[in-house]
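>>> Build me a model:
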Amino acid sequence: MRKLLSIILPHIGMASVYLGTLLLVVSFLLGWTSSNFVLFLSLFLIIAGVIAHVVILKQNHQY
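Below is the predicted model of the structure:
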């Protein structure tokens, strides 16, 4: 279990950014742009992913 976490954890920030971007694209294609919840959720995923990515890079001294 720890080995799996050590493999997944460094990539969780970028995965969140990709998920937020994908949610924005899907919401645009399906016409969900009038719903603020979907837009704010994707915005939150992108911002949280960027912050998590920077924090993980700084912890690993790879910046």
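
>>> Quick check: buried residues in the host helix or strand of Thr21?
Using DSSP states H and E, Thr21 falls within helix 12-30. Buried residues in helix 12-30, counted by 16 or more other CB atoms under 10 Å: 13, 16-17, 20, 23-24, 27. For every residue, glycine as well, the C-beta is placed using N, CA and C.

>>> can you check stretch 42-60 too?
Using 16+ other CB under 10 Å as the test for burial, stretch 42-60 gives 42, 45-46, 49, 52-53, 56.

>>> which one's the longest helix in this protein?
Counting residues, the longest helix found in the chain (DSSP state H) is helix 36-59.

>>> could you redo the buried residues of helix 12-30 as TSV and give each row distance to Thr33 and pLDDT?
Shown next, in TSV, are these (distance: CB to CB, whole Å; pLDDT from 0 to 100):
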residue	distance to Thr33	pLDDT
Gly13	26	93
Ser16	21	96
Val17	20	96
Gly20	15	97
Leu23	12	95
Leu24	9	94
Ser27	6	94
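
>>> Any regions of this protein where pLDDT drops low?
By pLDDT under 70, the low-scoring segments of the chain are 62-63.

>>> now the residue nearest the centre of the chain: how far from Phe40?
Geometric centre of the chain, nearest residue: Ser16, 1.5 Å, by CA atoms, centre = their mean. According to CB to CB, to the nearest Å, Ser16 and Phe40 sit 15 Å apart.

>>> just Lys58 next, same as before
Using CB to CB, Lys58 is found at 27 Å from Phe40.

>>> same thing with Thr21?
Applying CB to CB to Thr21 and Phe40 gives a distance of 15 Å.
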